[in-house]
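Q: Here is a sequence together with a model predicted from it:
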Amino acid sequence: MMPEEPSRSVAATATATATAPGPVLGLLAACHPLPSAAVTVLVTVLAASAGRSGVGCALVACAVLAGQLSVGWCNDAIDAHRDVAAGRSGKPVVAGAVTAGGVRAAALCALVLCVPLSLASGMAAGVVHLAGVAAAWAYNLGLKSTAWSWFPYAIGFGGLPAFVTLGLPGRPWPPWWVVAAAALLGVGAHLANVLPDIDDDLRHGVRGWPQRLGATRARLLLPVPLLAATGLLILPNGPVAGGGTGEWRAGWAAGLSGGWAAGWLGGRLGGWLVPGAVFAAVVAVSCGAAAVGRSRPRVPFLVAIGVAALDVALLLARTGS
């Protein structure tokens, strides 16, 4: 079987090259646009809810986007030879839309821009964000092939709430459970992101944590960090006397539905009704993604992004934003 792979790869590459988009679109596709945009938008929403000014939010958005672009382009530049060998015609470098050298240059430019943009939020905030970007580059440069491949994701995602809050007056740290939830989302994103390529990765010597688990176990493990992250955002304060909670206000439930019945439910059950329903939804979609992922391995990654967005909404609701 193995001797046949180069011929298939060459054929796939030739076909892709014939239909390659232009270099600008190629660079756009090579930056991993969906996760880059999702992370940038969600962190900017957090910044706005935390009280960063309009300029501060813009700086956060630009810094996060520059970091995400650098990481995405770095990934495609370093993996170009493996992508060609595996015949991944959907990759812009394999398709001939852009060269590996062009993607590498773009990654370095974005990384250089990321430094002043990150430090514009303050030294502490900038160092935290740049540490996360450095961890992601370390993943691309070799940690992805080790049992510690999850660690850069945990560091990178876990540092994002701190990047937001350390840019506020007084430079406060976020609550521990927010950092832990973000780190768990990063671990879940790692499992989901790698899942479609595990078999190809193993054939080409990439033995990160998910690859060592194998496709089946990685897919079944995926709901665990996603559910743990959501649970952390729901549980820390717990219910308080009187049926409500310190953070989950009864009026929030009433405002969603409008009416005395919803107000009554908010007052009596609001302590757990809304967060419990949200948690049940995350259980359903994450476990569903694990099941569907066997035949459609790219679905879990979309679900991971959706859970991240839902968790941001949970956080905003808890803090009364």
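A: Sure, I can see it. Residues are numbered from 1 along each chain as shown.

Q: low pLDDT regions in this structure?
A: Applying pLDDT under 70 to the chain flags residues 1-21, 236-272, 319-321.

Q: Can you show me the helices along the stretch 1-150 of the chain?
A: Remark: helices assigned in the stretch 1-150 of the chain by DSSP state H, counting those that start in this stretch are 5-18, 23-30, 33-50, 54-78, 80-86, 92-95, 100-119, 123-141, 150-158.

Q: contacting residues for residue 289?
A: 192, 222, 223, 299, 300, 302, 303, 304 (CB atoms under 8 Å, 6 or more residues apart in numbering). Heads up, the C-betas are built off the backbone N, CA and C, glycines and all.

Q: try residue 64
A: For residue 64, the contacting residues are 39, 40, 43, 44, 129, 160, 163, by CB under 8 Å, 6+ apart.

Q: Residue 207 versus that one, what's the distance?
A: Residue 64 is 30 Å from residue 207, where distance means CB to CB, to the nearest Å.

Q: and the closest residue to residue 163 other than its chain neighbours, how many residues sit next to it?
A: Once flanking residues are discounted, residue 163 sits nearest to residue 129: 4.2 Å by CB to CB, 6 or more residues apart in numbering. A count of neighbours around residue 129, defined by other CB atoms under 10 Å, yields 30.

Q: list the contacts for residue 129?
A: 63, 64, 67, 114, 118, 121, 159, 160, 163.

Q: try 10 Å this time
A: Residues near residue 129 by CB atoms under 10 Å, 6 or more residues apart in numbering: 43, 60, 63-64, 66-67, 114-115, 117-119, 121, 156, 159-160, 162-164, 166-167.

Q: ok so, going back, can I get the buried part of the contacts of residue 64 as one ChimeraX selection?
A: In ChimeraX, a selection of the buried entries from the contacts of residue 64 looks like this (16 or more other CB atoms under 10 Å):
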select :39,40,43,44,129,160,163
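
Q: can you tell me which of the contacts of residue 64 lies nearest to residue 52?
A: Nearest to residue 52 out of the contacts of residue 64 is residue 44 (CB to CB; 8.9 Å).

Q: can I assume that closest one is in contact with residue 60?
A: Yes: using CB atoms under 10 Å, residue 44 is in contact with residue 60, at 5.8 Å.

Q: any residues in contact with both of the two?
A: When contacts are counted by CB under 10 Å, 6+ apart, the set common to residue 44 and residue 60 consists of 52, 164.

Q: Enumerate every residue touching residue 125.
A: Applying CB under 10 Å, 6+ apart, we find residue 125 in contact with 56, 59-60, 63, 118-119, 159, 162-168, 171.

Q: just residue 173 next, same as before
A: Applying CB under 10 Å, 6+ apart, the residues near residue 173 are 124, 128, 161, 162, 165, 166, 179.

Q: From the contacts of residue 289, list just the buried residues.
A: 192, 222, 223, 299, 300, 303, 304.

Q: Out of those, which comes closest to residue 287?
A: The closest of the buried ones among the contacts of residue 289 to residue 287 turns out to be residue 223 (CB to CB; 5.2 Å).
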